[in-house]
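Engineer: the following comprises the amino acid sequence and a computationally predicted model.
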Amino acid sequence: MEKKPFTPRPPRPNNGPRRPLNNRKEEPYAINEHIRAREVRLVGDNVENGIYSIQEALKIADGLGLDLIEISPTAEPPVCRVLDYQKFLYQQKKRQKEQKAKATKVVVKEIRFGPQTDDHDYNFKLKHAIGFLQEGAKVKAYVFFKGRSILFKEQGEVLLLRFANDLEEYGKVDQMPVLEGKRMIIMLSPKKK
């Protein structure tokens, strides 16, 4: 068997970075000629609502100097709106920003006890927990057991139940005392006003 001599491939011409086949950015909505349906349900303020062929809908949008935007592609037939596309994108961003602002952020404040916390420390931490609950934050109170103090599990549980009982008018118990590793945890959330 005869071996052929190695000939390297000619280098590929460097024409810069490869571009995508279509020059259009990936748009979140199909607009105008990019809508693939044969007929669409047209909705909008300045058009007569109804089902139109794609050509008729494009003529209506063109006549008004606006864009045809596919807002619900999964509907049968797809729902399109006649509107200026940039204005539509601006409204969508504004709506998302408002929804994000309305979303409630849950704040969890932690309070740590030892198994043999004295009354002064307990009252100090109780006062802070009342403040947290009145602000609308959740409270995660826990007893941390160091070394052999794990033998005092019952004391820790009694302490957390007393804590929950003292906070009864400010918050409700989400989770009763549970031992997780070296911590016994109780969760409280504020009462609705």
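Structural biologist: That came through, no problem. Residues are numbered from 1 along each chain as shown.
Engineer: switch to C-alpha atoms for all contacts and neighbour counts from now on
Structural biologist: Noted.
Engineer: can you give me phi and psi for Glu168?
Structural biologist: phi -60, psi -40 (degrees, to the nearest 10).
Engineer: which residues touch it?
Structural biologist: Applying CA atoms under 8 Å, 6 or more residues apart in numbering, we find Glu168 in contact with no residue.
Engineer: on the pLDDT front, check it for me.
Structural biologist: Glu168 is assigned 87 on the pLDDT scale.
Engineer: then the one 5 residues further on?
Structural biologist: The confidence metric pLDDT takes the value 87 at Val173.
Engineer: ok, Ala129 next?
Structural biologist: pLDDT, Ala129: 90.
Engineer: isn't it up against Lys140?
Structural biologist: No. Using CA atoms under 8 Å, Ala129 is not in contact with Lys140; the gap is 9.2 Å.
Engineer: same drill for these two, tell me which one is more crowded.
Structural biologist: Using other CA atoms under 10 Å as the criterion, Ala129 and Lys140 rank with Ala129 on top: 25 against 18.
Engineer: follow-up on the earlier one: need the overlap of contacts for Ala129 and Lys140.
Structural biologist: Applying CA under 8 Å, 6+ apart, one finds that Ala129 and Lys140 are jointly contacted by Ile111.
Engineer: list the helices and strands the helix or strand encompassing Asn165 packs on?
Structural biologist: Asn165 is located in helix 153-166, with elements delineated by DSSP states H and E. Counting by 3 or more CA pairs under 8 Å, 6 or more residues apart in numbering; DSSP states H and E, the packing neighbours recorded for helix 153-166 are strand 138-144, strand 171-180, strand 183-190.
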